[in-house]
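Q: here is my input, please return the structure:
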Amino acid sequence: MDQVREEDIYNVPESSIILNILLHAIYETSCADNRHTIEQLVEAVDKMPVYGLTPRSVICFKNPLYHLLLSHGALRPVTVYALAAHHNLEDLAKNVSSYLLSHSPDEIDDEIADRMGAIYLKRIFLLFENRAREIAQICIEPPSRHSPNDSCGYQEQKRVTREWSLCLVDIIRDLRPELIDELTDLSALRWKTSPSTAFAQLLNRWPRNFHAKNAKNTI
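A: As a prediction, the model looks like this:
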């Protein structure tokens, strides 16, 4: 084996944690087992341009780092969205936006707003502004009727429709971010099979579609 020459040794000012994340990202391998914090992942992504890496080229769907960041978005959506906005990671921003529904604009301070930039900041505020109306529109449609059977005839379906409408009145009238979880439980009246899954799919699909639609209007 050839001896390592002094000129082949490079000093890297980053910590071993940040370097580990960067190398995994370059070789498209997962660093999830190392249990890095979201702050460490964000720092590593911010350091990429220093080493000639473009975050938008590296953090794509095929790279495990993309999915790791998205998984952190469930608990820290504002942080991940700000990272995506800062580096113009359109797909990551679109997918993490579904986690923002139960959050408040008050969580966006001046530093985060500056990091997001005008375009992505406008999108997130449009999302906050329109979410109540859009979610109410999703929910207001009563359960679909089906052919009567022994366990659920015409009268039972009529009662479910009435209960659905009555339950929604109070919630939609005062629809705050923290009430969105209540709608998931309420959806059990509407979907007999995996109600939470069905309703979650509706809630998750709308922010992504909303973000994609408004991307064209804010560029």
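Q: I'd like to know which elements the strand or helix carrying residue 111 is packed against.
A: Taking DSSP states H and E as the criterion, residue 111 maps to helix 110-116. Based on contacts counted as 3 or more CB pairs under 8 Å, 6 or more residues apart in numbering; DSSP states H and E, the elements that helix 110-116 packs against are helix 77-86. Just so you know, the C-beta spots here come from the backbone N, C-alpha and C atoms, and that holds for glycine as well.
Q: CA atoms only for the helix it packs on, dumped as PDB, please.
A: As requested, C-alpha coordinates have been extracted for helix 77-86 and formatted as PDB (Å, rounded to 0.1, in the frame of the first residue of the first chain):
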ATOM      1  CA  PRO A  77     -42.000  21.600   9.900                       C
ATOM      2  CA  VAL A  78     -41.100  25.300  10.200                       C
ATOM      3  CA  THR A  79     -37.400  24.500  10.500                       C
ATOM      4  CA  VAL A  80     -37.500  22.100   7.500                       C
ATOM      5  CA  TYR A  81     -39.600  24.400   5.400                       C
ATOM      6  CA  ALA A  82     -37.200  27.300   6.100                       C
ATOM      7  CA  LEU A  83     -34.300  25.100   5.000                       C
ATOM      8  CA  ALA A  84     -36.100  24.100   1.800                       C
ATOM      9  CA  ALA A  85     -37.000  27.700   1.100                       C
ATOM     10  CA  HIS A  86     -33.500  29.000   1.700                       C
END
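Q: now do that helix, average pLDDT.
A: The average of the pLDDT scores along helix 77-86 is 96.
Q: tell me the helix or strand right after that helix.
A: Following the chain from helix 77-86 toward its C-terminal end, the next helix or strand by DSSP H and E is helix 90-96.
Q: count the neighbours of residue 159 for me.
A: 11 (other CB atoms under 10 Å).
Q: do the same with residue 85
A: Taking other CB under 10 Å as the criterion, the count of residues near residue 85 is 23.
Q: name the nearest residue to it, ignoring sequence neighbours.
A: Here the nearest residue to residue 85 in space, its sequence neighbours aside, is residue 120; by CB to CB, 6 or more residues apart in numbering that works out to 3.3 Å.
Q: can you give me the helices for the chain?
A: 16-26, 38-47, 55-58, 64-72, 77-86, 90-96, 110-116, 118-140, 154-173, 180-186, 195-217 (DSSP state H).
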